[in-house]
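1. Here is a sequence together with a model predicted from it:
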Amino acid sequence: MATSWNCSTSLELVDRCNALSETSLPVSSIFVVEKDEFLRNPNTKSYLGNASRMIYTFVRDELGVPFHEGLVEHSALKLIGNLRGRPGKTIGSWASIIFTSIVDDRMWEAMADVA
């Protein structure tokens, strides 16, 4: 990376850092705004085909497994209470809910409606 950084421009270091911050900070703030909007109002279903949408809807709505929000949910952070009105659980806990629905045939029954 240092080689690339040193060879990729003729600007002085201060000018390069300024240019980097002028582009990175706006992109970062746009990402934060868009991510927050998505977490409040996810639009994933509109991008899925029929079968994928059915499974997605079953997992999110019927099983109540939410979209994972990243490090904010990491168990080492000891999430107390809830996040956006839902319990703080590990990825494994949420995956177990999905696995159980496969084992007890609820997932298969939901999939049969599409076939």
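-> Arrived safely.
2. average model confidence for the helix or strand harbouring Ile102?
-> Ile102 belongs to helix 91-103 when elements are defined using DSSP states H and E. Computed over helix 91-103, the mean pLDDT rounds to 94.
3. same question, stretch 73-82
-> pLDDT averaged over stretch 73-82 gives 61.
4. Then stretch 37-46?
-> According to the model, stretch 37-46 has a mean pLDDT of 92.
5. And for stretch 51-66?
-> Stretch 51-66 comes out at a mean pLDDT of 93.
6. ok, and what's touching it?
-> The contact list for stretch 51-66 (Cβ atoms under 8 Å, 6 or more residues apart in numbering) reads 44-45, 48, 67, 84, 86, 94, 97-98, 101, 106-107, 110-111, 113-114. Just so you know, the C-beta spots here come from the backbone N, C-alpha and C atoms, and that holds for glycine as well.
7. so how far is it off the chain centroid?
-> Counting by Cα atoms, centre = their mean, to the nearest Å, stretch 51-66 is centred 15 Å from the centre of its parent chain.
8. and if you look at stretch 13-27?
-> On the basis of Cα atoms, centre = their mean, stretch 13-27 sits 27 Å off its chain's mean C-alpha point.
9. Cross the contacts of stretch 51-66 against helices and list the overlap.
-> When DSSP state H is applied, the contacts of stretch 51-66 are split such that Trp94, Ile97, Ile98, Ser101, Arg106, Met107, Ala110, Met111 fall in helices.
10. In PyMOL, select just the buried ones from those.
-> For the buried members of these, the matching PyMOL selection, counting by 16 or more other Cβ atoms under 10 Å, is:
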select buried, resi 94+98+101+107+110
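11. Distance to Ser52 added to the ones in helices among the contacts of stretch 51-66, as CSV?
-> Output for the ones in helices among the contacts of stretch 51-66, formatted as CSV (distance: Cβ to Cβ, whole Å):
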residue, distance to Ser52
Trp94, 18
Ile97, 19
Ile98, 15
Ser101, 16
Arg106, 18
Met107, 13
Ala110, 12
Met111, 11
